[in-house]
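# okay, predicted coordinates and the sequence, questions at the end:
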Amino acid sequence: MNSMKTVAVIFGSRSAEHDVSIVTALASVIKPLELSGQYQVEAVYIAKDGRWFWDDKLKDISLYQSGEIDDFMRKAPDVHLSFKDGLTLVKSSQFAGRKQYKKVDIVFPATHGTYGEDGSLMGLLEMADVPYVGCGLSASTICMDKVLTKQVAASAGIASTPWIWCTSAEFSANPKTILDRIKPLKYPLFVKPAHLGSSIGISRVENAKELINALEVAAHYDDKIIIEQGVKNLIEVTLPIIGNDTPKVAYLERPMTSSEDFFDFDTKYMQGGEKGKGKSGGAKGAQGYSEIPAKLPKKLQSLAEEVGKQTYSALGCNGIARVDMLIDEKAGKVMLNEVNPLPGGLYAHNWSLAGTSNISLVEQLVQFAEARHQHRQKLATSFSTNYLKQF
Ligand SMILES: Nc1ncnc2c1ncn2[C@@H]1O[C@H](COP(=O)(O)OP(=O)(O)O)[C@@H](O)[C@H]1O
Ligand SMILES: [Mg+2]
């Protein structure tokens, strides 16, 4: 009899980062979970069209690389979810009429971007009342909106570079009003769709003419736009964090991509290690070459760690996240840029340098998920009333 807990790893989904999610799930979640010997791991793949699949074959990266996945999906049965006693995976098997069931003890979401990391998957898991790894519904939703992130952080006293936001509808209806509101900000400005990641639709602009063009581009991608003042004397850092009530940090990491390709998807994901080759004291990170730990003056380093942890708590993050900060080195100011609820590859490269192995990382994340679920189950969610009897 097998008493191992079952962890369902859910990945893929309708997102620009679909393929990145496959690699995160297979290499950084499923493999270490299996190597730990503690868990039975089920692979649940959401295709680009939103169909769900559940099969051990989905653990093999070559299935996706070779394109065999298309053939697999044509033949494979759809997966259904049952919410009886938590979450159960259901699929019809090849043998007529017989169904396969698998009760899931913990879910490990390994999705990036839309229809996953943005809170939609977490909503489904809340409804199923199953423990799941990482940030909850509200923290995920806030983190995937650059405006909400800065609003919530600001209310906790966490600084960002000066910024304003507008809806795309407001801009289309009355561009002059929006341009007036942007006026107090100093060029260069960064114009970004509020919800997209991977630098899609982002522009750096130097003057009013470029600004209007950039606003139009952003409005094409999103219904909400953020306009930020460029940070000068910039040092960019990112801080991986895990934990629930007591956040624990890995190393501050400084991505060493040059400024001209700052928002290029290829630079972030395709060229791993090529950029900045030859510099010492770094490592190949999930986004190319990074300096780990970032070489910063001691004071700035501890300030950035503080801002990172404060942000994590203020946004209500749980399990894991990564806080990106922009530092004005001369002014000695650390400003929040954005938060990734599920950093690519879990940022395991950084955690392992900081002394947490890939296996220990996923084990801890599962434990945080269970602790959080237990805690939430103790909260009262129902009470009796006489309301119905009145009728
Ligand atoms: N206000 C800013 N000042 C200076 N550089 C910025 C600013 N905002 C963004 N950048 C640069 O643009 C990059 C992409 O912007 P970011 O907000 O992180 O979008 P994404 O969601 O694509 O990661 C950042 O990593 C940074 O290099
Ligand atoms: Mg970013």
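Looks like it arrived, so ask away. Ligands and ions are numbered 1, 2, ... in the order given.

# which stretches of this protein have low pLDDT?
Applying pLDDT under 70 to the chain flags the ranges 1-2, 94-96, 197-198, 258-288.

# flag every residue of the stretch 101-250 of the chain that's near ligand 1.
Residues of the stretch 101-250 of the chain found near ligand 1 (C-beta under 6 Å from any ligand atom) are Thr161, Phe190, Lys192, Gly197, Ser198, Ser199, Ile202, Glu228, Gly230, Val231, Leu234, Glu236. The way it works is simple: take the backbone N, C-alpha and C, and place the C-beta from them, glycine included.

# 5 Å instead, please
Neighbours of ligand 1 within the stretch 101-250 of the chain, by C-beta under 5 Å from any ligand atom: Thr161, Phe190, Gly197, Ser199, Glu228, Gly230, Val231.

# is the fifth one bridged to anything, and to what?
Each beta-bridge partner of Glu228 is listed here, defined by DSSP bridges: Trp163, Phe190.

# so it is in contact with Leu189, correct?
Yes: taking contacts as C-beta atoms under 8 Å, Glu228 lies within contact range of Leu189: 6.5 Å.

# so which of these two has more stuff around it?
Taking other C-beta atoms under 10 Å, Glu228 and Leu189 do not tie; Leu189 has more neighbours (26 against 23).

# quick check: closest non-adjacent residue to the more buried one.
Nearest non-adjacent residue to Leu189, counting by C-beta to C-beta, 6 or more residues apart in numbering: Val205, 5.2 Å away.

# and the one you found, how far is that from Asp222?
17 Å (C-beta to C-beta, to the nearest Å).

# check Ser357 too.
Separation of Ser357 from Asp222 (C-beta to C-beta): 38 Å.

# quick check: domain ranges of the chain?
Here the domain parsing of the chain from automatic domain parsing is 5-134, 163-229.

# tally of neighbours for the residue nearest to Leu189?
The tally of other residues near Val205 (other C-beta under 10 Å) stands at 19.

# my read is that Thr177 contacts Glu170, right?
Yes: assessed by C-beta under 8 Å, Thr177 is found in contact with Glu170 at 7.4 Å.

# comparing those two, which residue is more hemmed in?
Shown here are Thr177 and Glu170; by other C-beta under 10 Å, Glu170 has more neighbours (17 against 12).

# look up the closest residue to that one, ignoring the ones flanking it.
Ranked by C-beta to C-beta, 6+ apart and with sequence neighbours excluded, the top spatial neighbour of Glu170 is Ile178, at 6.2 Å.

# whichever strand or helix holds that neighbour: which residues count as buried?
With elements taken from DSSP states H and E, the one containing Ile178 is helix 175-182. The neighbour-count check on helix 175-182 (16 or more other C-beta atoms under 10 Å) flags Ile178, Ile182 as buried.

# Ser357 and Asp222: who's more crowded?
More crowded of Ser357 and Asp222, by other C-beta under 10 Å: Asp222, with 19 against 14.

# measure the residue lying closest to that one once chain neighbours are set aside to Ser138 for me?
Using C-beta to C-beta, 6+ apart and skipping residues adjacent in sequence, the residue nearest Asp222 is Pro193, 3.3 Å away. In this view, Pro193 and Ser138 are 21 Å apart by C-beta to C-beta.

# which one's more surrounded, those two?
The neighbour comparison of Pro193 against Ser138 (other C-beta under 10 Å) goes to Pro193, with 21 against 15.

# ok, the more buried one touching Glu216?
No: if you go by C-beta under 8 Å, Pro193 and Glu216 don't touch, sitting 11.6 Å apart.

# tally of neighbours for Glu363?
For Glu363, the count of nearby residues is 17 (other C-beta under 10 Å).

# again with Lys378
7.

# contact partners for the residue of the stretch 1-150 of the chain found nearest ligand 1?
Closest residue of the stretch 1-150 of the chain to ligand 1, C-beta to the nearest ligand atom: Lys146 (6.4 Å). Lys146 is in contact with Lys192, Ala194, His195, Ile226, Glu338, counting by C-beta atoms under 8 Å, 6 or more residues apart in numbering.

# and the residues you listed, which is closest to Ile292?
Glu338 (19.5 Å; C-beta to C-beta).
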